[in-house]
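Engineer: Got a predicted structure plus its sequence, pasted below:
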Amino acid sequence: MMVFKRIFDLFSMFRYNRFRCEDEKSEESGPADFERAIINSGYGRFNYLLLLAVLPASFSSIFSSSAISYVLPSAECDLGLTMFDKGLLNSMTFAGMICTSFFWGFMTDTFGRKKIMFYGYMFTGVMSLVTCFSHTAWLLILFKFFDGVIISGPYAALMSYLAEVHNDTQRARTYMWLGVFFSLGNISLPCIAWLIIPQKWIINLGSGDVEINSWRVFLAICSLPEFLACMAIFAFPESPRFLLLKGKTDEALEVFKKIYSMNTGKDPDTYPIKDLEEEYSVECSSDDIRDKLRACWQQIKPLFLPPNIFKLIVISLIQLGATIGSNSIRLWMPQLFTMMENFKSNYTTQEYSSSQPRFCYMLGQQQSNSSSLSETLNVAHACIPVELNSKVFINSIVIATTGVVGYTLAGSLITVIGKKKLIASCFMVAASCCTSLYWAENSNSILGLCSVFVAMSSIGGACVVNIVADNFPTCLRTMAISFSMMIGRIGAVTGNLLFPVLFNLTCLGPFFMIASVSLVSALLVIILPKKYSQKNKSKQIA
């Protein structure tokens, strides 16, 4: 559910005005600024077609980060995967995103949104397709890392592009639709996995070194949205906001005319705006790299000075706790459900002292017979191919659907009880659910606890970004959000790597860790300062 929080990230990023810390209003006469120009372009066919193009693009982000979790049980024997290998595979996409976050921001602002989206989705599709031919664990891990490196580029460019072809009123609606598409992606992924992975397909390539079986076909099919997004983006023009920032006012005007013509059906020459104001990005005119770095530091320096630094640390730690929880449990659920269903298939042939074994007993991780840490890290056990039960996929669909319902309810409650109370409540409920998993016995109760936990921790993490908007002036919000998102991705990597290590030591270990960080996140929300006020604006950006 990590992707849902990114939707909320964007709502605090769109009320900036030409990279200044003050709001500026354009004149009704004379050259038009961006907002006036895009309003006069209207809303219609161009925007609807763009939403269709965004559908495969949003699926790409979901499939890139989450598809691997569904192939781990099936790929275990083919690639000799250990539990730690599975943790690496779950975390590598996020690790790739972390390494290139700032790089892609620079590339997008330098070469344009459309180019980065077009080539980014193309190369992500190629990388996803190549991934299915991996014949060793380390090769699959490497490909997933590069998958994360590439996908963060077009994703960031898409977020900027959507903001720059809609007026202030329509942006919120557009990102609500984007949230719907992400929800559909989370629900459709286990459906596709359910349709393909249980099949008994085996195709030998070349001398038989690589077998193309069902889980490899699934990974190949998961590359289709990326190629579709690449082709769809090709039909759209460059962002007019980007062209204005580069001083290309004539080209930007032509884009506005094209949007106007598509939306209204009128001749482009009837577009009421004839001249545009020039907009300038905050860039250093010197070509010297040291001057550029110095200018960049001066721009972000206030973020790391009191009182902003305290709030940045607290918010980042909350985001860290949220992603450690939600992305660890969410990505490990297919593996854990598979282990549980395999145990239940043999349950009737054995006798136990209790009528219904607990969750951890079903996972086969009793403390008395757990293996050593070195075995988990380095040694693959004698492998028996896993028969995937349909309940594994049904459970994943239920978890994804619960998240959609949870976000719908949270959207109504946030205005009633307030952001801080909602976030703290979400993390406390998540901590309770995660702790209760250790003692859960009934499969339905296990599914219910997992569903509520993933929904609550994801909602809490998503709402944290709204807190950023409340605590930082406009000119620092984008950087504060980017920093907290990067820390969040570090949490996703950390959680997925620690999960198998702690799981090997004792089944209680990973659930205790996740419950603890959720509880700490709830406590940190309470100590956050009050909402940012314009009265202390000058103090925070001085």
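Structural biologist: Received the coordinates, thanks.

Engineer: gap between Lys257 and Phe34?
Structural biologist: Distance from Lys257 to Phe34, counting by CB to CB, to the nearest Å: 15 Å. Quick note: C-beta positions are derived from backbone N, CA and C, even for glycine.

Engineer: Equivalent analysis for Cys132, please.
Structural biologist: Distance from Cys132 to Phe34, by CB to CB: 43 Å.

Engineer: Tell me which stretches of the stretch 51-200 of the chain form helices.
Structural biologist: 68-79, 83-99, 101-111, 113-131, 137-164, 168-196 (DSSP state H, counting those that start in this stretch).

Engineer: possible to save the ones you listed as TSV with mean neighbour count, distance to Trp332 and mean pLDDT?
Structural biologist: TSV is the format used below for those (neighbours: other CB atoms under 10 Å; distance: least, CB to CB, whole Å; pLDDT from 0 to 100):
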stretch	mean neighbour count	distance to Trp332	mean pLDDT
helix 68-79	23	7	87
helix 83-99	23	7	90
helix 101-111	16	24	80
helix 113-131	22	20	92
helix 137-164	22	16	89
helix 168-196	18	14	84
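
Engineer: Helix or strand for Tyr48, just tell me which one.
Structural biologist: helix 45-66 (DSSP states H and E).

Engineer: and the angle from that helix to helix 83-99?
Structural biologist: 140 degrees (axes from the mean of the first three to the mean of the last three CA atoms, to 10 degrees).

Engineer: quick one: buried residues of helix 45-66?
Structural biologist: The neighbour-count check on helix 45-66 (16 or more other CB atoms under 10 Å) flags 46-47, 50-51, 53-66 as buried.

Engineer: ok, now stretch 412-420?
Structural biologist: Ile414, Lys419, Lys420.

Engineer: so after the biggest helix by length in the chain, what's the next helix or strand?
Structural biologist: Secondary structure of the chain per DSSP state H: the longest helix is helix 308-347. Downstream of helix 308-347, the first helix or strand assigned by DSSP H and E is helix 359-362.

Engineer: Residues in contact with that next one: which ones?
Structural biologist: 339-340, 343-344, 366, 437-441, 446, 507-508 (CB atoms under 8 Å, 6 or more residues apart in numbering).

Engineer: now do 6 Å
Structural biologist: Met340, Phe343, Leu437, Ala440, Ile446, Cys507 (CB atoms under 6 Å, 6 or more residues apart in numbering).

Engineer: Kindly report the same for stretch 42-54.
Structural biologist: Gln170, Trp177, Ala232, Ile259, Met262, Asn263, Thr264.

Engineer: picking up where we left off before, could I get the buried residue list for the longest helix of the chain?
Structural biologist: 308, 311-312, 314-342.

Engineer: Quick check: mean pLDDT of stretch 361-371?
Structural biologist: Averaged over stretch 361-371, pLDDT sits at 52.

Engineer: And for stretch 393-405?
Structural biologist: Computed over stretch 393-405, the average pLDDT equals 88.

Engineer: List the buried residues for it?
Structural biologist: Phe393, Asn395, Ser396, Ile397, Val398, Ile399, Ala400, Thr402, Gly403, Val404.

Engineer: Can you tell me the closest non-neighbouring residue to the fourth one?
Structural biologist: With CB to CB, 6 or more residues apart in numbering as the criterion, Ile397 has its nearest non-adjacent residue at 4.9 Å, and that residue is Pro190.

Engineer: Now for that neighbour: which residues touch it?
Structural biologist: Neighbours of Pro190 in contact, by CB under 6 Å, 6+ apart: Phe393, Ser396, Ile397.

Engineer: cutoff 7 Å now
Structural biologist: Neighbouring residues of Pro190 by CB atoms under 7 Å, 6 or more residues apart in numbering: Tyr70, Phe393, Ser396, Ile397, Ala400.

Engineer: Kindly reformat those as JSON lines containing secondary structure and distance to Ala157.
Structural biologist: Shown next, in JSON lines, are these (DSSP: H, G, I helix; E, B strand; the rest coil; distance: CB to CB, whole Å):
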{"residue": "Tyr70", "secondary structure": "helix", "distance to Ala157": "27"}
{"residue": "Phe393", "secondary structure": "helix", "distance to Ala157": "32"}
{"residue": "Ser396", "secondary structure": "helix", "distance to Ala157": "29"}
{"residue": "Ile397", "secondary structure": "helix", "distance to Ala157": "30"}
{"residue": "Ala400", "secondary structure": "helix", "distance to Ala157": "26"}
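
Engineer: Tell me the one among the residues you listed nearest to Thr270.
Structural biologist: Ala400 (46.2 Å; CB to CB).

Engineer: Please name the residues that touch the nearest residue to the closest one once chain neighbours are set aside.
Structural biologist: Once flanking residues are discounted, Ala400 sits nearest to Asn186: 4.0 Å by CB to CB, 6+ apart. By CB under 7 Å, 6+ apart, the contact list for Asn186 reads Ile62, Ala400, Gly403.

Engineer: Likewise for Gly406?
Structural biologist: Ala455, Ile459.

Engineer: what do you get if the cut-off is 8 Å, keeping everything else the same?
Structural biologist: Ala455, Met456, Ser458, Ile459.

Engineer: Among these, which pair sits farthest apart?
Structural biologist: Checking the contacts of Gly406 with CB to CB, the most distant pair is Met456 and Ser458, at 7.3 Å.

Engineer: Just want to know which of these two has more residues nearby.
Structural biologist: Met456 (30 against 27; other CB atoms under 10 Å).

Engineer: The more buried one contacts Cys434, doesn't it?
Structural biologist: No. Met456 lies out of contact with Cys434 (CB atoms under 8 Å); the separation is 9.6 Å.

Engineer: rewinding a little: give me the lowest-pLDDT entry from the buried residues of stretch 412-420.
Structural biologist: Within those, pLDDT is lowest for Ile414, at 76.

Engineer: Just give the closest residue to it, not the sequence neighbours.
Structural biologist: Closest to Ile414 by CB to CB, 6+ apart is Leu422, at 5.3 Å.

Engineer: ok, the one you found to Ser516 distance?
Structural biologist: 21 Å.

Engineer: Repeat that for Ser91.
Structural biologist: Counting by CB to CB, the gap from Ser91 to Ser516 is 19 Å.

Engineer: now Phe111
Structural biologist: 44 Å.

Engineer: what do you get for Trp201?
Structural biologist: For Trp201 relative to Ser516 (CB to CB), the value is 43 Å.

Engineer: Compare those two (neighbour count), which wins?
Structural biologist: Higher neighbour count among Trp201 and Ser516: Ser516, with 16 against 13, using other CB under 10 Å.

Engineer: so who does the more buried one touch?
Structural biologist: Ala431 are the contacts of Ser516 under CB under 8 Å, 6+ apart.
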